[in-house]
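Colleague: next input, structure requested:
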Amino acid sequence: MASSQPLTGIELIDCAKANAQQGIVTAAQLCGYEADLNSFQRELKQACQNIGVEVKELSDLITDQQMMQQGRGIEIAPDTPSEL
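Modeller: Residues are numbered from 1 along each chain as shown. Here you go, the predicted model:
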């Protein structure tokens, strides 16, 4: 569900992270920025800087775990449980 007003701070970061895999247009809309992608990116970068995280683009918020769940990564594991 899209926010009725633009989110800021940690709420913006949480919303953007949750929707990052869907792309910047969808993430901006769901975070309350409609089609104003410039404001969305600017506010997201500022919110991340405020908590000491450097984000250059939305995809930086996608975690390795999220990528694995979507099948975008490699899993490194032994062939059998006895081969640890």
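
Colleague: going forward, measure contacts and count neighbours with C-alpha atoms only.
Modeller: Fine.

Colleague: low-confidence stretches in this protein?
Modeller: Within the chain, the segments meeting pLDDT under 70 span 64-75, 83-84.

Colleague: centroid-nearest residue for it?
Modeller: Against the mean C-alpha coordinate of the chain, by Cα atoms, centre = their mean, the closest residue is residue 17 at 2.4 Å.

Colleague: can you list contacts of the helix or strand where that residue lies?
Modeller: Using DSSP states H and E, the element containing residue 17 is helix 9-19. Applying Cα atoms under 8 Å, 6 or more residues apart in numbering, the external contacts of helix 9-19 come out as 26-28, 30-31, 44, 47-48, 50, 58, 61-62.

Colleague: can you give me the end-to-end span of stretch 16-29?
Modeller: Across its full length, stretch 16-29 reaches 10 Å between end residues, using Cα to Cα, to the nearest Å.

Colleague: number of residues surrounding the closest residue to residue 47 other than its chain neighbours?
Modeller: Counting by Cα to Cα, 6 or more residues apart in numbering, residue 9 is the residue found nearest to residue 47 once chain neighbours are left out, at 4.8 Å. Per other Cα atoms under 10 Å, the neighbour tally for residue 9 reads 16.

Colleague: heads up, I number from 534, so please use that
Modeller: From this message on, residue numbering opens at 534, which makes the last subject residue 542.

Colleague: what about residue 542, distance to residue 575?
Modeller: Look at residue 542 and residue 575: by Cα to Cα, they are 12 Å apart.

Colleague: again, but for residue 615
Modeller: Distance, residue 615 to residue 575, using Cα to Cα: 50 Å.

Colleague: out of the two, which sits in the more crowded spot?
Modeller: Set side by side, residue 615 and residue 575 show more neighbours around residue 575, with 10 against 6, by other Cα under 10 Å.

Colleague: packing partners for the helix ranked longest in the chain?
Modeller: Counting by DSSP state H, the longest helix found in the chain is helix 570-583. Under the contact definition 3 or more Cα pairs under 8 Å, 6 or more residues apart in numbering; DSSP states H and E, helix 570-583 sits against helix 542-552, helix 557-563.
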